[in-house]
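Enquirer: sharing a sequence plus its predicted fold:
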Amino acid sequence: MGLARYLVEAVVLEGRSVTELARGHGVSRFWIYKLLARYREGGYPALEPRSRRPRSCSHQTAPEVEDEVVRLRAQLIQAGFDAGPQTILYHLQGRVPKLPSAATVWRILKRRQLITPQPHKRPRCSFVRFQADLPNQMWQCDATSWQLADGGPVEILNLEDDHSRLFLGSTAYHTVKAADVVEAFFSAADAYGLPASLLSDNAAVFSGRSRRGRVALELELDSRGIEVKHSTPYHPQTCGKVERLHQTLKLYLRQQPAAESLAALQLQLDSFRHYYNHLRPHRALGRRTPVEAFNARLKARPQPLQTPTHYRVRRDSIDAKGKVTLRYLGRLRHITVGARHRNRKVHLLVAGADVRIVTTDGVLLRALTLDPTKGLPGTWHWPLACARCPATGVNHVLRHEMGGRI
C-alpha cells in the first residue's frame, strides 16, 4: 500500500497534478484516479490490494460431481482397492453426465483434504523403468509375509507377468519352500504357458548363488531353456512390479476380515486376483486390464535348448568287412570305410554327429555326418543272420526269432 497511499496523499494533501505524478512514477493516470475513488469511498483501508479471483466460474465442476468423487473414493478405500484419481475416474464412468479430467479429480480430493502429502517419495523421473516387450517374455516372482487372525505368520508367493502385469498366481504357505516355488511356477505355466525368463530376488528358495549351487527352481528352468535372472542384492527396485503388487494386495487384505486359516486366506487371494486381472484398470497399461494386455499380443517362448557338442577320440581297427563301429545316440552305427583298409588301425575323431576316420600316420580315410533319424525306434532293420544259430536268410530269422509267426 506504500505507493498507493503516497499518490493519494500527494493529490489530496499537497494538491499535485495527477498527470505529473503518473509521469514521474511510471504509473497510469487511470490507476491514480481509481485509487482516489476508492479512498473517497472507504478511506485508507480501501487502498489495500484486492483479490483478483472471479466471483463465479462457468466451467467449475458441479457440487454433485465432487460429492460423487468423494463418495466413490470412500467406497474404494473401504473395499481395500486403489483409490487414486485415475482409478476413481475409471469407476466414475456412467455415474455423472460429464467426466472430469484426472487433474480435476486430484484437485477435488486435495480441496476436500483427502490427499496426504508424501514429500519423502522420490520423483518418478528419477527411476529407470523397464518393461518386457511381449507377454511371457519375463515373469517376476517374490514372496511376502502376512499374518492370520491368531497372529500366526504366513508367506504369500506371487507371480506376475512383466509386460501385461497379469497376476499369474498367488498362493499362501506357512513357509515357502523350494518345492512350493516349483509347484507354483508350473501351475501358472500350465495356465498361461512357459515364460522366456524369470526374475526374482536372491532368497534361498529362488537362488543358490550364495551356496555356490543351484536350487530346484533353477534346475527346472535350466532344463527347459528358461533364462534365470536375479536382482542385485539389497536392491528391491529391480523387482519393482511384483513389489508394488505386494503393496496393492496387502491394501486389499487389510480391509477384509482376518483369515482364520490358510484356506480362508487363499479364498481372499483368489478373489483379489480375479478383480486385479479382469476388473481393475492398470495405469501403466493405458487403463486396460491385465487380461486385455496379456491377450493383445503374441506370447514369448523359451529359447530352444542348445545341446553342447560332445567331443571324443577313439582308437579302433577296421574289421574284415571294411567297417568300423561307433555308438551314437545310444545305438551302434556301422560305418563303411572300404575293404582295402581291412585290419588297419585308425583314429575316430568325433565332434557330435561329425566323424573323421584318420589313420595313425594322419591320412584321412573318410569324413561324414551321422543321421540321427536312422535307427530310431519304430524302424525295423532285417537281420542278416540268426542270433541263435549259424543259419541265414530272412525266412529262417522270422521263424526262429519270432516264434514261427510270419
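Expert: Sure, I can see it. Residues are numbered from 1 along each chain as shown.
Enquirer: now do the same contact list for the spatially most central residue of the chain.
Expert: In the chain, the C-alpha closest to the average C-alpha coordinate belongs to D162, at a distance of 1.3 Å (Cα atoms, centre = their mean). D162 makes contact with 131-132, 137-140, 199, 241 under the criterion Cβ atoms under 8 Å, 6 or more residues apart in numbering. The C-beta positions use only the backbone N, C-alpha and C, and glycine is treated the same way.
Enquirer: quick one: least confident of those residues?
Expert: Among those, Q131 has the lowest pLDDT, at 85.
Enquirer: tell me the contacts of that residue?
Expert: 162-163, 284.
Enquirer: recalculate using a threshold of 10 Å.
Expert: Neighbouring residues of Q131 by Cβ atoms under 10 Å, 6 or more residues apart in numbering: 137-138, 162-165, 241, 284.
Enquirer: over to Q147?
Expert: 153-154, 253, 258-259, 265.
Enquirer: same question, H230
Expert: H230 sits in contact with 198-203, 206-207, 209, 218, 238-239, where contact means Cβ under 10 Å, 6+ apart.
Enquirer: show the model's pLDDT score for it.
Expert: Reading off the model, H230 has pLDDT 92.
Enquirer: from V154, how far off is it?
Expert: According to Cβ to Cβ, to the nearest Å, H230 and V154 sit 24 Å apart.
Enquirer: H341 too?
Expert: As for H341, its distance to V154 is 73 Å (criterion: Cβ to Cβ).
Enquirer: same question, R280
Expert: R280 is 24 Å from V154, by Cβ to Cβ.
Enquirer: please apply the same query to F294.
Expert: Distance from F294 to V154, by Cβ to Cβ: 28 Å.
Enquirer: again, but for P63
Expert: For P63 relative to V154 (Cβ to Cβ), the value is 46 Å.
Enquirer: more crowded one of these two?
Expert: Higher neighbour count among P63 and V154: V154, with 18 against 8, using other Cβ atoms under 10 Å.
Enquirer: tell me what that one is bridged to.
Expert: Under DSSP bridges, the beta-bridge partners of V154 are W146.
Enquirer: could I get the contacting residues of it?
Expert: Taking Cβ under 10 Å, 6+ apart, one finds 144-148, 172-176, 259, 261-262, 265 in contact with V154.
Enquirer: what about the strands in the stretch 251-400 of the chain?
Expert: 311-317, 323-328, 331-336, 345-351, 354-359, 364-369 (DSSP state E, counting those that start in this stretch).
Enquirer: what helices or strands is the first one leaning on?
Expert: Applying 3 or more Cβ pairs under 10 Å, 6 or more residues apart in numbering; DSSP states H and E, one finds that strand 311-317 contacts strand 323-328, strand 345-351, strand 354-359.
Enquirer: so what pLDDT did the closest residue to L326 other than its chain neighbours get?
Expert: Counting by Cβ to Cβ, 6 or more residues apart in numbering, L326 lies nearest to R333, which is 5.1 Å off, once chain neighbours are set aside. Reading off the confidence values, R333 has pLDDT 88.
Enquirer: just to revisit the earlier point, now the helices and strands packed on strand 311-317 in JSON lines, with mean pLDDT and distance to F81?
Expert: Putting these into JSON lines (pLDDT from 0 to 100; distance: least, Cβ to Cβ, whole Å) gives the following:
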{"stretch": "strand 323-328", "mean pLDDT": "88", "distance to F81": "61"}
{"stretch": "strand 345-351", "mean pLDDT": "91", "distance to F81": "61"}
{"stretch": "strand 354-359", "mean pLDDT": "92", "distance to F81": "62"}
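Enquirer: which one of these lies closest to V18?
Expert: With Cβ to Cβ as the criterion, V18 lies closest to strand 345-351 of the helices and strands packed on strand 311-317, at 105.1 Å.
Enquirer: so that closest one versus strand 323-328, what angle?
Expert: With axes from the mean of the first three to the mean of the last three Cα atoms, to 10 degrees applied, the angle from strand 345-351 to strand 323-328 works out at 30 degrees.
Enquirer: re the thing from before, I'd like the helices and strands packed on strand 311-317 as JSON lines, with mean neighbour count appended.
Expert: Below are these laid out as JSON lines (neighbours: other Cβ atoms under 10 Å):
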{"stretch": "strand 323-328", "mean neighbour count": "16"}
{"stretch": "strand 345-351", "mean neighbour count": "16"}
{"stretch": "strand 354-359", "mean neighbour count": "17"}
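Enquirer: circling back to that earlier point, what about the contacts of Q131, which are in strands?
Expert: Using DSSP state E, the subset of the contacts of Q131 located in strands is empty.
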